[in-house]
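Peer 1: Sequence plus the predicted model coming up.
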Amino acid sequence: MCASEPTAPLAPDPILISLNKIVIEWDPPTSDGGSSILGYRVYMKEASEASYNLIYDGKENAATRILEITEYLSNPLQVNTYQVYVVAFNWVGISPQGAVLPIVIQEISNAALFEVYGPGIGTINAAVTVNIHVLARDNNGNVMTTFNDVFYLHL
């Protein structure tokens, strides 16, 4: 039996997405090609860019399948979109490109005026800014995202 390159990993799962940090994790490929996985490489680009940049070369630690990314620029006053994918490698070669994870960072802070009232305090105008990040997993361990979900905060 002759070894071959591993199959492509699935798209990474987002664990945390914020203006200054993205945390992703990924599963190993379904086949290592008959040779142990030696590591993973992670590539990232802004959606508007033509080519990807290597942001992680995991040859020092083949077991790493979670990555904290902090080297990117996001403007808090606009929507920023990035794309990330992972490849695996063994002694024979590098897997095909895995599926792309689109990452949308949208943290536009607009203070809104609310009326705060109650017995004995009258009416007070208050500016409130709230950022809500919900991280959850279902019973199978799959990451449940909150992209495009709507949350209402009742105070």
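Peer 2: Happy to help now that I have it. Numbering: from 1, shown residues only.
Peer 1: List the buried residues of the longest strand seen in the chain.
Peer 2: Longest among the strand segments of the chain by residue count, using DSSP state E, is strand 80-89. Within strand 80-89, the residues scored as buried using 16 or more other Cβ atoms under 10 Å are Asn80, Tyr82, Gln83, Val84, Tyr85, Val86, Val87, Ala88, Phe89. (Each C-beta comes from the backbone N, C-alpha and C, glycine too.)
Peer 1: Reformat the residues you listed as CSV; add distance to Tyr40 and pLDDT.
Peer 2: Below are these laid out as CSV (distance: Cβ to Cβ, whole Å; pLDDT from 0 to 100):
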residue, distance to Tyr40, pLDDT
Asn80, 24, 84
Tyr82, 18, 92
Gln83, 17, 94
Val84, 12, 95
Tyr85, 11, 96
Val86, 5, 96
Val87, 7, 96
Ala88, 5, 96
Phe89, 7, 95
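Peer 1: Between these, which sits nearest Ile37?
Peer 2: Distance to Ile37 across those (Cβ to Cβ) is lowest for Ala88, with 5.3 Å.
Peer 1: give the contact list for Val42.
Peer 2: Going by Cβ atoms under 8 Å, 6 or more residues apart in numbering, Val42 touches Pro12, Ile24, Leu54, Ile55, Tyr56, Gly58, Leu67, Ile69, Val84, Tyr85, Val86.
Peer 1: do the same with Ser36
Peer 2: Ala62, Asn90, Trp91 are the contacts of Ser36 under Cβ under 8 Å, 6+ apart.
Peer 1: Doesn't it lie inside a strand?
Peer 2: No: with DSSP: H, G, I helix; E, B strand; the rest coil as the criterion, Ser36 is assigned coil and is not in a strand.
Peer 1: Now secondary structure and distance to Pro96 too, for the contacts of Val42, in TSV please.
Peer 2: Shown next, in TSV, are the contacts of Val42 (DSSP: H, G, I helix; E, B strand; the rest coil; distance: Cβ to Cβ, whole Å):
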residue	secondary structure	distance to Pro96
Pro12	coil	15
Ile24	strand	19
Leu54	strand	16
Ile55	strand	19
Tyr56	strand	18
Gly58	helix	17
Leu67	strand	20
Ile69	strand	22
Val84	strand	16
Tyr85	strand	10
Val86	strand	11
